[in-house]
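Colleague: just to be clear, the model below is a prediction. Sequence and coordinates:
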Amino acid sequence: MLSDINSPQDLKNLNVSQLNTLAKEIREFLIENLSVTGGHLAPNLGVVELTLALHYIFDSPKDKLIWDVGHQAYVHKMLTGRMERFHTLRQYKGLCGYPKCSESEHDVWETGHSSTSLSAAMGMAIARDLKGERSKVVAIIGDGALTGGMAFEAMNHMGHEKRDVTVILNDNEMSIAPNVGALHNYLGKLRTNDGYKRVKEEVESLLKKVPAVGGTMAKLAERLKDGLKYLMVSGILFEELGFTYLGPVDGHDLPTLMEALRQAAYTKGPVLVHVITKKGKGYTPAEADSDVFHGVGTYKIESGEVLKTEGPPSYTSIFARTIEKLAETDQRIVAITAAMPGGTGLSRFASKYPERFFDVGIAEQHATTMAAGIATQGLKPVFAVYSTFLQRGYDQLVHDVCRQNLNVLFAIDRAGLVGADGETHQGVFDIAYMRSLPNMTIMMPKDENELQHMLYTALQYNDGPIAVRYPRGNGEGVELDTEYKQLPIGKAEILRPGSHVAILAFGNMVPTAQKAADTLAMEGITPMVVNVRYAKPLDEELLFTLARDGYTVITLEEGAVQGGFGSAVLECYAQAGYHDMVVELMGIPDYYVEHGSVKEQRAEVGLTPENVAQKVRSLWPARRQRA
Ligand SMILES: Cc1ncc(C[n+]2csc(CCOP(=O)(O)OP(=O)(O)O)c2C)c(N)n1
Ligand SMILES: CC(=O)[C@@H](O)[C@H](O)COP(=O)(O)O
Ligand SMILES: [Mg+2]
């Protein structure tokens with residue numbers, strides 16, 4: 001059955017029983033293929049029937065299906081002619097793990113970051129109406145993504161515009177971890193009307209305790225119960241925002257789903273269909289632990305055992321253990337995550353210090369400014385956030401944190417190339433987007449041992465905002481000091497004295513520079529290797545010494561060249577009048593690096609030890625090379 005589906009049109013001739021058979025085959029395909037490639041298994045297992053129903057009722061690509069986050073679009077890709085490419089999922093030059101317009105006309109909106117689908121849908125609906133076209137615009141957003149502020153901005157506008165737009169709320173009670181927030185609780189009440197019954201009984205028992213004053217109390221009780229019923233059972237929140245609320249419907253029951261989508265398709269104005277699904281549906285290990293199987297590596301199908309990559313502790317785990325340790329004695333520390341407790345390593349902190357841990361949902365803007373608020377009261381907020389997701393809180397970083405010079409520690413994880421998530425998740429812009437901000441300090445360690453010292457230093461630092469950035473994945477396998485050291489702010493570390501050429505390596509590029517220097521040493525070429533440590537403030541004393549001693553400088557960073565650390569060095573020399581200084585910048589070129597392994601991505605952008613060695617050779621004095 002599945003192999004007969006080459007386009008969504010092929011679905012339209014199937015009956016419900018055939019569609020259910022297809023759903024079973026899709027699940028088997030996902031479980032089988034992702035056990036080898038890895039990927040976002042649980043989210044996709046949860047939307048099999050929903051995706052089938054969407055493509056059955058709507059007419060993609062004329063009708064626009066817009067996936068929020070987009071990690072749950074594998075089934076959509078399977079139904080739109082990309083089955084045979086699934087063995088290349090999230091691999092270099094292979095199938096992207098998110099919607100990708102260049103892959104298919106059915107991918108109408110590219111995502112990777114959460115909560116953008118409703119704004120995009122609003123835009124497409126406005127354009128449709130202005131062009132006099134008649135198509136449906138459908139956004140599919142999860143309950144986690146709905147906690148993102150952008151989603152509310154869009155809903156507010158949708159209700160104002162009253163244009164025909166359908167929002168499918170895929171409610172599985174999960175973000176990556178269990179979803180959080182008052183909205184989540186509200187959705188829970190909508191999911192199970194028992195809530196209404198329970199509250200009704202509580203109200204009744206409460207009112208029984210109040211001395212009756214004539215019939216007034218009885219009337220009040222009735223009105224209160226009616227109000228509660230209206231408030232809790234009919235999706236009033238969405239109705240008051242101007243939506244027609246349909247649901248909740250069982251997101252795994254095809255006839256019900258299709259009827260609800262059909263009704264939505266014929267309803268004028270904004271419609272929200274509340275679909276209840278199970279994340280990981282159909283694969284017991286994923287149903288049992290959809291956090292682990294949200295984004296999973298390779299696993300054994302029979303047991304669900306996820307195959308761990310061996311190696312040194314991850315940078316994330318070193319961050320986690322350091323913050324937990326320091327929080328034992330430093331009561332100022334407050335840890336914050338935006339719906340990523342697992343990914344940022346804060347889950348254990350949350351159970352050890354629940355009163356000092358806050359998961360705000362997918363709300364990086366709120367998290368950043370909330371951290372600023374906490375800092376104004378003398379505490380030390382630590383916002384653990386992926387580099388790419390901090391982009392969502394940029395104005396808050398500028399306007400609330402840096403401008404007010406507040407003591408917020410940004411623990412920036414996934415800094416640098418991230419691999420399989422690709423262009424929407426690369427952590428390569430934060431050096432540039434933070435460097436131009438007055439009062440900001442930016443650090444990156446050369447290895448996991450130095451990470452713990454940088455975190456300690458950043459926690460002792462009370463002169464404003466400070467960012468410690470560290471890469472995805474394992475450390476370098478170095479020994480961990482048992483005592484934390486306070487590092488001098490703005491001072492670099494010369495790892496290898498050398499001559500003629502100085503390689504200024506930032507953070508995780510230090511091992512790359514060291515490997516290049518090892519190769520070059522065998523050729524009698526001995527450049528200086530510097531562990532830069534800070535992209536801001538620069539170690540100007542070192543830079544001016546290098547200038548005075550006639551060095552050529554190579555800057556090396558796993559970040560955008562434009563506006564990055566290297567640019568800062570260039571600016572420094574120019575502003576100090578060293579106009580004849582030769583500075584070669586090595587970093588991420590001016591384009592978005594697509595998915596693949598980090599190794600493949602580094603080779604593509606020229607950040608390998610051989611690339612660095614080649615650069616040094618090209619700058620090495622010719623006479624020395626001949627000798
Ligand atoms: C701005 C932003 N912050 C964080 C993330 C990381 N992230 C990816 S999926 C996800 C949870 C999404 O939950 P939901 O929308 O309910 O989808 P589900 O996985 O439950 O299908 C998060 C937090 C992101 N993609 N974008
Ligand atoms: C879809 C999404 O944005 C997250 O699931 C992200 O893929 C997690 O990245 P890590 O695997 O680096 O934690
Ligand atoms: Mg969810």
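Modeller: Looks like it came in fine. Ligands and ions are numbered 1, 2, ... in the order given.

Colleague: how many other residues sit next to residue 139?
Modeller: 29 (other C-beta atoms under 10 Å). Every residue, glycine included, has its C-beta placed from N, CA and C.

Colleague: who's in contact with it?
Modeller: Applying C-beta atoms under 8 Å, 6 or more residues apart in numbering, one finds that residue 139 lies in contact with 66, 68, 117, 118, 120, 121, 165, 166, 167, 168.

Colleague: quick check: the fifth one touching residue 70?
Modeller: No - in this structure residue 120 lies outside contact range of residue 70 using C-beta atoms under 8 Å: 11.0 Å.

Colleague: have a look at the two and say which one is more surrounded.
Modeller: Ranked by neighbour count (other C-beta under 10 Å), residue 120 and residue 70 place residue 70 first, with 27 against 21.

Colleague: what residues are up against the residue in the stretch 451-600 of the chain that ligand 2 sits nearest to?
Modeller: Going by C-beta to the nearest ligand atom, ligand 2 is nearest to residue 472 of the stretch 451-600 of the chain, at 5.2 Å. For residue 472, the contacting residues are 315, 316, 413, 414, 416, 418, 419, 427, 598, by C-beta under 8 Å, 6+ apart.

Colleague: next, it: secondary structure please.
Modeller: coil (DSSP: H, G, I helix; E, B strand; the rest coil).

Colleague: please apply the same query to residue 559.
Modeller: Applying three-state DSSP: residue 559 is strand.

Colleague: give me the neighbour count for it.
Modeller: 30.

Colleague: count the neighbours of the residue nearest to it when sequence neighbours are not counted for me.
Modeller: Nearest-residue entry for residue 559: residue 431, 4.1 Å, with adjacent residues in sequence omitted and distances by C-beta to C-beta, 6 or more residues apart in numbering. Residue 431 is flanked by 33 other residues according to other C-beta under 10 Å.

Colleague: center of this structure - which residue?
Modeller: Using C-alpha atoms, centre = their mean, the residue of the chain that lies closest to the mean C-alpha position is residue 389, 5.0 Å off.

Colleague: ok, then the element right after the helix or strand containing that one?
Modeller: Per DSSP states H and E: residue 389 is located in helix 387-390. Toward the C-terminal end, the helix or strand that comes next after helix 387-390 (DSSP H and E) is helix 394-395.

Colleague: low-confidence ranges, this structure, go.
Modeller: 193-207, 209-234, 623-627 (pLDDT under 70).

Colleague: who's in contact with the longest helix seen in it?
Modeller: When the chain is scanned for its longest helix (criterion: DSSP state H), the result is helix 16-37. By C-beta under 8 Å, 6+ apart, the surrounding residues in contact with helix 16-37 are 1-2, 5, 11, 14, 41, 44-45, 48-49, 52, 56, 74-75, 78, 83, 86-91, 254-255, 281-283, 296, 298-301.

Colleague: just the buried residues of those.
Modeller: Listed as buried from the contacts of helix 16-37 are 5, 11, 14, 41, 44-45, 48-49, 52, 56, 74-75, 78, 83, 86, 89-91, 254, 281-283, 296, 299; burial here means 16 or more other C-beta atoms under 10 Å.

Colleague: residues of this protein that sit close to ligand 2?
Modeller: The chain comes close to ligand 2 at residues 69, 71, 176, 294, 295, 343, 414, 418, 421, 472, as judged by C-beta under 6 Å from any ligand atom.

Colleague: any idea how far the residue of the stretch 1-150 of the chain found nearest ligand 3 lies from residue 38?
Modeller: Using C-beta to the ion, the closest approach of the stretch 1-150 of the chain to ligand 3 is made by residue 142 at 3.8 Å. Distance of residue 142 to residue 38, given as C-beta to C-beta, to the nearest Å: 20 Å.

Colleague: neighbour count for the two, which is higher?
Modeller: Between residue 142 and residue 38, residue 142 has the larger neighbour count (other C-beta under 10 Å), namely 30 against 20.

Colleague: quickly list what the more buried one is bridged to.
Modeller: residue 170 (DSSP bridges).

Colleague: settle this for me: it is touching residue 167, isn't it.
Modeller: No - the pair residue 142 / residue 167 is not scored as a contact, 11.4 Å apart, by C-beta under 8 Å.

Colleague: who's in contact with residue 499?
Modeller: 526, 527, 528, 551.

Colleague: among the residues you listed, name the ones in strands.
Modeller: Using DSSP state E, residue 528 are the members of the contacts of residue 499 that sit in strands.

Colleague: does stretch 35-42 come close to ligand 1?
Modeller: No - applying C-beta under 6 Å from any ligand atom, one finds stretch 35-42 separated from ligand 1 by no less than 7.0 Å.

Colleague: measure that stretch end to end?
Modeller: 12 Å (C-alpha to C-alpha, to the nearest Å).

Colleague: count of neighbours near the closest residue to residue 527 other than its chain neighbours?
Modeller: Residue nearest to residue 527 in three dimensions, not counting chain neighbours: residue 501, with 4.1 Å by C-beta to C-beta, 6+ apart. Other residues near residue 501 come to 25 when the count uses other C-beta under 10 Å.

Colleague: what's the answer for residue 58, then?
Modeller: Count around residue 58 with other C-beta under 10 Å applied: 22.

Colleague: that one contacts residue 265, correct?
Modeller: Yes - look at residue 58 against residue 265 with C-beta under 8 Å: they come within range, at 6.8 Å.

Colleague: overlap in contacts, those two.
Modeller: residue 136.

Colleague: just the contacts of helix 16-37: which are in strands?
Modeller: Among the contacts of helix 16-37, no member lies in strands (by DSSP E).

Colleague: doesn't residue 553 lie inside a strand?
Modeller: Yes - with three-state DSSP as the criterion, residue 553 is part of a strand.

Colleague: now do the same contact list for it.
Modeller: Residue 553 neighbours (C-beta under 8 Å, 6+ apart): 501, 502, 504, 543, 546, 569, 581, 582, 583, 584.

Colleague: and which of the residues you listed is nearest to residue 235?
Modeller: residue 569 (56.1 Å; C-beta to C-beta).

Colleague: hang on, that closest one in a helix?
Modeller: Yes - checked against three-state DSSP, residue 569 lies within a helix.

Colleague: so it touches residue 543, yeah?
Modeller: Yes - judged on C-beta under 8 Å, residue 569 makes contact with residue 543 at a distance of 6.5 Å.

Colleague: burial measure for residue 580, as a count.
Modeller: Counted with other C-beta under 10 Å, residue 580 comes out at 8.

Colleague: now it: how far from residue 547?
Modeller: Counting by C-beta to C-beta - residue 580 and residue 547 are separated by 9 Å.

Colleague: which secondary structure elements does the helix holding residue 389 sit against?
Modeller: Helix 387-390 sits against helix 364-376, strand 409-413, with contacts defined as 3 or more C-beta pairs under 8 Å, 6 or more residues apart in numbering; DSSP states H and E.

Colleague: send me stretch 564-571 as PDB with only the CA atoms.
Modeller: Coordinates of each C-alpha in stretch 564-571 appear next as PDB, following Å, rounded to 0.1, in the frame of the first residue of the first chain:
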ATOM      1  CA  GLY A 564      32.500  37.400  14.500                       C
ATOM      2  CA  PHE A 565      35.700  37.200  16.600                       C
ATOM      3  CA  GLY A 566      38.000  37.700  13.600                       C
ATOM      4  CA  SER A 567      36.100  40.900  12.600                       C
ATOM      5  CA  ALA A 568      36.700  42.200  16.100                       C
ATOM      6  CA  VAL A 569      40.400  41.600  15.700                       C
ATOM      7  CA  LEU A 570      40.400  43.400  12.400                       C
ATOM      8  CA  GLU A 571      38.500  46.300  13.900                       C
END
